[in-house]
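> Can you look at this prediction? I've put the sequence above it.
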Amino acid sequence: AEGVETQRLLFQLRDIEVSIMSNSDCCTPKSTSDSHDEHRQGVRSAYAKVAQADNSGESCGTGSSCCGVSDDAAINTLISTRLGYSEADLASVPGGADMGLGCGNPRAIASLEPGEVVLDLGAGGGFDCFLAAQEVGDSGHVIGVDMTPDMLSKARNNARKGGFNNVEFRLGEIEYLPVADASVDVIISNCVINLSPNKAQVFNDAFRVLKPGGRLAISDVVATVELPEAMRNDAGLIAGCMGNASLVEDLEQLMKTAGFSDVRIEPKDESKEFIRDWAPDHNVTDYVVSATIEAVKPGRVADAGCC
């Protein structure tokens, strides 16, 4: 059945979570930091398995999922074209870069220009980075950040295979980016921020690294209504980009608090067609949908010589 193997892999995280909880001291509450670390490690473990399966030519599932790959290139092509990529996009990147991940096409709203510096939060196998690199050209630069060493290794190998000299990949967490202050023109991300246990810090650090006038161009899963507690506590749904989604109004407030202006979040109802395949045994589309997320860091510096 479509997607069964992917969900089996991800739902194993629930058993890990239950085991951790049962072995912990019931009378010693976890700190927020411990909770965030446990959450992050669960997600890292899931995506390491995805990268390892793809590297070995195995399948983590044949269904469309934000966090599952297939060993069938035709299926991955179908998944990606459903997300808004063209067949020309898919043909322009190294084999193996398109892992069928994501919930949209952030590059479609990024309006990239030659010479710009682009940062991809949660770069995975490098797919969006390579597409961005073609738009910014040799005078531009693309940085992909991922917290999973297996994904980082895969992305770097793909860059070598494709001869992408204007792309680099760095190990790091999206809450604490290994990137200098005010050094990036555009931040893109595809179905990754929903996974973070501390989205406020994600947007704070994104604001830090953007240049004045820099912009966010993100595709992600958002909640349209409050998620049930059972869904929020389901490690499989969390790693599957659904169980940790935030309400649209909460995301808007986090971004404005971080300092962003011109915040725009546009849910895409048509995305329910593929999101329901991610967890066919759950009514997830009653609660979540893919959206485009855009914002600007105020204070663009006037071009030199404009006067």
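Done, it's in.

> What's the local residue count around the nearest residue to Gly214 once chain neighbours are set aside?
Excluding its sequence neighbours, the residue lying closest to Gly214 (CB to CB, 6 or more residues apart in numbering) is Lys297, at 4.7 Å. Heads up, the C-betas are built off the backbone N, CA and C, glycines and all. Neighbour count for Lys297, taken as other CB atoms under 10 Å: 24.

> Does Lys297 touch Asn204 like I think?
No: Lys297 sits out of contact with Asn204 when judged by CB atoms under 8 Å, with a separation of 11.7 Å.

> Just the buried positions in stretch 202-215, please.
For stretch 202-215, burial by neighbour count (16 or more other CB atoms under 10 Å) applies to 202-211, 214-215.

> Now for the residues you listed: which two are most distant?
Val202 and Lys211 (18.0 Å; CB to CB).

> quick revisit: of the buried residues of stretch 202-215, which belong to strands?
Using DSSP state E, the subset of the buried residues of stretch 202-215 located in strands is 210-211, 214-215.

> if I look at the residue most central in space within the chain, how far off is Gly213?
In the chain, the centroid-proximal residue (CA atoms, centre = their mean) is Val192; its distance is 2.3 Å. According to CB to CB, to the nearest Å, Val192 stands 24 Å off from Gly213.

> what sits against the closest residue to Pro298 other than its chain neighbours?
Nearest non-adjacent residue to Pro298, counting by CB to CB, 6+ apart: Ser261, 4.9 Å away. By CB atoms under 8 Å, 6 or more residues apart in numbering, the residues touching Ser261 are 295-298.

> what do you get if the cut-off is 10 Å, keeping everything else the same?
Shown in contact with Ser261 (CB atoms under 10 Å, 6 or more residues apart in numbering): 255, 295-299.

> again with Phe207
With CB under 10 Å, 6+ apart, Phe207 has these contacts: 182, 187, 214, 216, 255, 257-260, 295, 297-298.

> if you set the cut-off to 8 Å instead, what comes out?
258-260, 297 are the contacts of Phe207 under CB under 8 Å, 6+ apart.

> State the distance from it to Ile188.
15 Å.

> Tell me, how many residues neighbour the residue lying closest to Gln201 once chain neighbours are set aside?
Among residues not flanking Gln201 along the chain, Glu175 sits closest, at 4.2 Å (CB to CB, 6+ apart). By the measure other CB under 10 Å, the count of residues near Glu175 is 21.
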